[in-house]
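> Okay, structure incoming, though there's no sequence with it:
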Ligand code: AMP
């Protein structure tokens, strides 16, 4: 059983990004880039399925610039067997990524595709759902538990106010939530091993996919700066302030 895991290269979650002075987007020149945290969880889950004998091969795939190979090497250091880079300098939007991934699904025929529930840079939460629609596959989003039984995958989903358990016929698309697992630390020997694992590079044209963006970003701006707080002497003054503020509102 093959598992395909799409991994996105994003600005590291510890970096505080700034808006460019012309408000055309975020300034990400020279900032630290890492694997999208939800994708790390996806790779970890796939590797655990392989380690427990359920899966036979884990393939990581990333779409984007040449430097995505670093993200793919990280995926292979966690335990993916091989990787595919779909290389392009075009700005990729979720529909384009879903089309590229669909082409890989047709080529590789995985039984399970595990994506992150969202990329922390665009917060779109769309790619998994779009891929499932394009590939005509069942989907379970926001997975906090995943169990493979014969040709079925049972997924516990985090939904508002509780948990929902669904069973999907494989092949299927699953997207990860934070509580699915805690990714392992990557060891130095595994980083070295990952350098020797196969990495195939394709272009969108090789897959017959047009990745031209369909959405244009008009403006990106900083959130409004919060006004300074006021220190009050006692509870009575606080109540007075709250009443006055309430009146203004
Ligand atoms: P999004 O819909 O952009 O929030 O992304 C959801 C998930 O789709 C991510 O967690 C990844 O698993 C996958 N994904 C999005 N963009 C890419 C990309 N450029 N390369 C590989 N996987 C991606």
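Right, received. Where do you want to start? No experiment lies behind these values; they were computed from the predicted model shown.

> Up against the ligand, what does this structure have?
Residues of the chain lying close to the ligand by C-beta under 6 Å from any ligand atom are 6-8, 36, 38-39, 62-64, 92, 94, 97, 115-116, 118-119, 122, 124-128. For the C-beta atoms, the positions are set from N, CA and C on the backbone; glycine is no exception.

> quick one: low-confidence parts of the chain?
246-249 (pLDDT under 70).

> any idea where the helices of it begin and end?
Using DSSP state H, the helices of the chain run over 37-51, 68-78, 94-108, 127-135, 188-195, 235-248.

> what's next to the first one, contact-wise?
If you take C-beta atoms under 8 Å, 6 or more residues apart in numbering as the criterion, helix 37-51 is touched by 3, 5-8, 13, 35, 55-58, 60, 75, 78-81, 112, 114-120, 146, 148, 175-178, 180-184.

> Contact partners for the residue of the chain found nearest the ligand?
Distance from the ligand to each residue of the chain (C-beta to the nearest ligand atom) is smallest for residue 116, at 2.3 Å. When contacts are counted by C-beta under 8 Å, 6+ apart, residue 116 touches 6, 8, 36, 37, 38, 39, 41, 42, 128, 175, 176.

> Swap in 7 Å and give it another go.
36, 38, 39, 41, 42, 175, 176 (C-beta atoms under 7 Å, 6 or more residues apart in numbering).

> That one and residue 17, how far apart?
Counting by C-beta to C-beta, to the nearest Å, the gap from residue 116 to residue 17 is 19 Å.

> Could you dump the helices of the chain into JSON lines and include mean neighbour count and distance to residue 152?
Below are the helices of the chain laid out as JSON lines (neighbours: other C-beta atoms under 10 Å; distance: least, C-beta to C-beta, whole Å):
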{"stretch": "helix 37-51", "mean neighbour count": "23", "distance to residue 152": "14"}
{"stretch": "helix 68-78", "mean neighbour count": "22", "distance to residue 152": "26"}
{"stretch": "helix 94-108", "mean neighbour count": "20", "distance to residue 152": "19"}
{"stretch": "helix 127-135", "mean neighbour count": "22", "distance to residue 152": "16"}
{"stretch": "helix 188-195", "mean neighbour count": "12", "distance to residue 152": "31"}
{"stretch": "helix 235-248", "mean neighbour count": "10", "distance to residue 152": "55"}
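
> need those helices in TSV with distance to residue 207, can you?
TSV is the format used below for the helices of the chain (distance: least, C-beta to C-beta, whole Å):
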stretch	distance to residue 207
helix 37-51	20
helix 68-78	16
helix 94-108	4
helix 127-135	13
helix 188-195	25
helix 235-248	57
